[in-house]
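# Coordinates for the following, if possible.
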Amino acid sequence: MRKYILLLFLVLAGHTVFAESELVTWCAPQGVDLNDDFTVRVRKQGQDWITLPTYLVKVDEVRETRHHVENASMVTFDFSGNVEVAVTYNRGTVNVARVRPLSYNIPFQVKGNTVYFSLNRPGNLSVEVNGDIFHNLHLFANPLETNVPDKNSPDVIYYGPGVHDIPNGVLKVPSGKTVYLAGGAVLMGRVVIENVHDVKLIGRGIINYTVKGGIQIRNSRNIYVEGIVATQCATGGSENVTIRNVKSISYYGWGDGMNVFASNNVLFDGVFCRNSDDCTTVYGTRFDYVGGCSNITMQNATLWADVAHPIFIGIHGNTQKPEILENLNYINIDILDHKEKQVDYQGCLAINAGDNNLIRKVRFENIRIEDFRQGQLVNLRIFYNKKYCTAPGRGIEDVLFKDISYTGENAGLSIIEGYSEERKVKNIRFENLRVNGKVIYDDMPDKPAWYKTSDMAGMYIGPHTENIIFQK
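Take a look at the predicted model:
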């Protein structure tokens with residue numbers, strides 16, 4: 001680990017203020033897979049550049065109906081204050097570049113084949129050259145770690161820098177333990193938190209990209225996961241779970257990022273998901289997890305669906321003992337992509353009620369959707385998908401879309417549709433929905449009198465729906 005501290009002296013109203021800036025980087029352990037598409041350097045202002053190890057990660061590109069695994073890049077570091085970043089593209093000339101999410105408005109300069117920019121706050125970013133999103137750089141600029149555990153404590157399972165092979169490929173964590181993956185640590189096995197309580201999995205280490213499943217939380221309570229990079233992080237049959245600043249990148253089939261099954265009181269905060277299936281889901285009964293879901297929140301997140309949905313709710317449940325999925329909140333989220341050719345599985349913001357599920361009290365707020373490749377903005381349906389369900393859902397109700405913006409040209413026709421008069425979609429409110437900068441609302445002055453407001457938003461509102469309104 002390399003640590004650099006810079007004290008900045010500021011004179012404000014005659015007083016001297018000491019503001020500490022810090023940069024923490026790590027070396028890659030010997031034998032880990034790297035990618036030389038980019039050379040990435042960071043520094044504090046006025047200090048020497050530090051070259052970061054650029055790790056190999058794999059992502060999924062769908063061309064027509066074929067899946068192609070592609071090699072992308074990843075770097076990670078911690079900092080406070082301000083840091084300068086230089087990303088050099090080693091495969092040719094930089095004609096155009098992007099630093100995303102675009103909502104961050106990070107200014108950059110291109111000099112030769114190097115992209116330069118500065119950061120003044122942590123963020124999970126994508127740096128893209130010449131429009132290539134499948135061989136991009138994932139740049140994870142973390143906040144500084146706090147409360148690093150004592151590696152000599154009997155309650156700590158400590159993995160320092162290096163590659164760590166796990167017997168049988170599975171690390172099962174006992175109750176009351178903290179698993180710490182230090183920066184520069186690469187774990188060659190899944191972390192399974194099952195039938196336990198009061199467990200932490202923290203650090204700045206990596207669960208190797210070849211490890212399917214990554215992190216699994218099963219039938220447990222009082223679980224905290226923070227800072228780790230993994231392929232997946234699923235929660236089932238659990239309660240009181242917090243997942244903070246975890247990054248999920250998957251490339252294989254059914255590579256969902258952060259599933260929730262039959263769980264309560266789950267918080268995702270500051271996560272990044274780039275996945276080869278749904279980025280995040282909420283389901284009822286599924287596999288050996290039984291029950292509905294309540295109080296699920298995802299906030300301050302970045303979602304990128306190379307396949308399927310960024311956000312997907314509701315398809316699985318218990319037809320014989322109907323369940324409720326409620327109090328679901330998605331707040332302050334950037335959606336970078338959505339790509340799905342199958343019409344039944346589209347929607348950046350998708351609620352599809354099956355298996356007699358009732359889905360209610362859902363809040364989508366302050367969500368910025370960039371120009372995805374293929375799919376729909378919104379998909380709210382009660383349906384009977386016989387491939388995955390044994391009955392249609394019971395209903396979708398009390399859903400708020402507030403401060404949602406989409407900028408782009410590729411969105412298909414969004415769908416809102418119920419199933420029958422007993423199985424409706426109702427009480428849906430769009431508040432300050434913006435499509436390419438235009439607010440869509442019922443009294444908008446340029447809407448022809450014979451148009452539905454949904455026509456202005458590119459939405460089809462079908463039968464068995466009730467009380468769907470658009471407000472400014």
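# now the strands for the stretch 1-150 of the chain?
Assigned by DSSP state E, counting those that start in this stretch, the strands in the stretch 1-150 of the chain fall at 2-12, 15-25, 38-43, 50-52, 55-63, 66-80, 83-89, 97-100, 108-111, 114-119, 123-129, 132-142.
# How about the backbone phi and psi for residue 457?
phi -100, psi 0 (degrees, to the nearest 10).
# burial measure for it, as a count.
For residue 457, the neighbour count with other C-beta atoms under 10 Å is 21. For the C-beta atoms, the positions are set from N, CA and C on the backbone; glycine is no exception.
# isn't it right next to residue 413, touching?
No. Residue 457 sits out of contact with residue 413 when judged by C-beta atoms under 8 Å, with a separation of 10.0 Å.
# For the residue nearest to the spatial centre of the chain, which residues are in contact?
The centroid of the chain falls nearest to residue 273 when counting by C-alpha atoms, centre = their mean (3.1 Å). With contacts defined as C-beta atoms under 8 Å, 6 or more residues apart in numbering, the neighbours of residue 273 are 247, 248, 257, 258, 279, 280, 301, 302, 303, 304, 310.
# from memory residue 453 sits against residue 470, does it?
Yes. Counting by C-beta under 8 Å, residue 453 does reach residue 470; the two are 4.5 Å apart.
# Who has more neighbours out of these two?
Between residue 453 and residue 470, residue 470 has the larger neighbour count (other C-beta under 10 Å), namely 24 against 20.
# And the more buried one, its phi and psi?
phi -120, psi 120.
# likewise residue 243?
According to degrees, to the nearest 10, residue 243 has phi -120, psi 110.
# Measure how buried the closest residue to residue 24 other than its chain neighbours is and give me the count.
Spatially, and ignoring its direct neighbours in sequence, residue 24 is nearest to residue 78 (4.0 Å; C-beta to C-beta, 6 or more residues apart in numbering). Each residue near residue 78 was counted by other C-beta under 10 Å, and the total is 22.
# residues contacting residue 389?
By C-beta under 8 Å, 6+ apart, residue 389 lies in contact with 315, 316, 319, 354, 355, 383.
# Which residue, neighbours along the chain excluded, lies closest to residue 172?
Closest residue to residue 172 apart from its sequence neighbours, by C-beta to C-beta, 6+ apart: residue 192 at 5.1 Å.
# What pLDDT does the model give that neighbour?
The score at residue 192 is 98. That number is its pLDDT.
# That one contacts residue 171, correct?
Yes. Residue 192 is in contact with residue 171 according to C-beta under 8 Å; the separation is 6.8 Å.
# Compare those two (neighbour count), which wins?
Each of residue 192 and residue 171 has its neighbours counted (other C-beta under 10 Å); residue 171 has more, 20 against 17.
# wait, which of the contacts of residue 273 is closest to residue 196?
Nearest to residue 196 among the contacts of residue 273, counting by C-beta to C-beta, is residue 258 at 19.5 Å.
# hey, what's the closest one bridged with?
residue 280 (DSSP bridges).
# Which parts of the protein are helices?
For the chain, the helices defined by DSSP state H cover 453-457.
# Could you tell me which residues make contact with residue 183?
If you count contacts by C-beta under 8 Å, 6+ apart, residue 183 has them with 1, 24, 25, 26, 76, 78, 161, 203, 204, 205.
# Just the closest of those to residue 225, please.
Among the contacts of residue 183, and counting by C-beta to C-beta, the member closest to residue 225 is residue 203, at 10.1 Å.
# Look at the nearest residue to that closest one once chain neighbours are set aside and report its pLDDT.
Excluding the flanking residues, the one nearest residue 203 by C-beta to C-beta, 6+ apart is residue 181, at 3.8 Å. pLDDT recorded at residue 181 is 98.
# now residue 46
With respect to pLDDT, residue 46 has a value of 87.
# And for the one 10 residues further on?
The confidence metric pLDDT takes the value 98 at residue 56.
# follow-up on the earlier one: what are the bridge partners for the residue nearest to residue 172, then?
Note on residue 192: beta-bridge partners by DSSP bridges are residue 172, residue 216.
# same deal with residue 354?
residue 392.
# Rank the helices and strands of the protein by mean pLDDT and give me the bottom one.
When each helix and strand of the chain is scored by mean pLDDT, DSSP states H and E, strand 2-12 comes last, with a mean of 41.
# shouldn't residue 294 be in contact with residue 326?
Yes. Using C-beta under 8 Å, residue 294 is in contact with residue 326, at 5.2 Å.
# Restrict stretch 226-242 to CA atoms and write it as CSV.
Output in CSV follows, covering the C-alpha atoms of stretch 226-242 (Å, rounded to 0.1, in the frame of the first residue of the first chain):
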residue,chain,number,x,y,z
GLU,A,226,-18.7,-2.6,2.0
GLY,A,227,-16.1,-1.7,-0.6
ILE,A,228,-15.5,-5.1,-2.3
VAL,A,229,-15.4,-5.8,-6.0
ALA,A,230,-17.1,-9.0,-7.0
THR,A,231,-19.2,-10.6,-9.9
GLN,A,232,-22.5,-10.8,-7.9
CYS,A,233,-23.9,-10.0,-4.5
ALA,A,234,-27.3,-11.7,-3.8
THR,A,235,-29.5,-11.5,-0.7
GLY,A,236,-32.1,-14.2,0.1
GLY,A,237,-34.2,-14.9,3.1
SER,A,238,-32.5,-12.3,5.1
GLU,A,239,-33.1,-9.1,7.1
ASN,A,240,-31.2,-6.0,8.1
VAL,A,241,-28.6,-6.1,5.3
THR,A,242,-26.5,-3.1,4.2
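# now that stretch: mean pLDDT?
Stretch 226-242 carries an average pLDDT of 98.
# Check stretch 60-68 too.
92.
# what does that stretch contact?
Outside stretch 60-68, the residues within contact range by C-beta under 8 Å, 6+ apart are 69-70, 134, 250-253, 255, 276, 306-307, 339, 341.
# Could you work out the end-to-end span of that stretch for me?
With C-alpha to C-alpha, to the nearest Å as the measure, stretch 60-68 spans 6 Å from end to end.
# Pull the distance from that stretch to the chain's centre.
21 Å (C-alpha atoms, centre = their mean, to the nearest Å).
# so residue 323 touches residue 357, yeah?
Yes. If you go by C-beta under 8 Å, residue 323 and residue 357 touch, sitting 5.8 Å apart.
# Who has more neighbours out of those two?
residue 357 (34 against 24).
# How about the contacts made by the closest residue to residue 190 other than its chain neighbours?
Spatially, and ignoring its direct neighbours in sequence, residue 190 is nearest to residue 213 (4.7 Å; C-beta to C-beta, 6+ apart). Residue 213 makes contacts with 190, 231, 232, 234, as judged by C-beta under 8 Å, 6+ apart.
# same question, residue 93
Residue 93 sits next to residue 113 when contact means C-beta under 8 Å, 6+ apart.
# roughly how far apart are it and residue 114?
According to C-beta to C-beta, to the nearest Å, residue 93 stands 11 Å off from residue 114.
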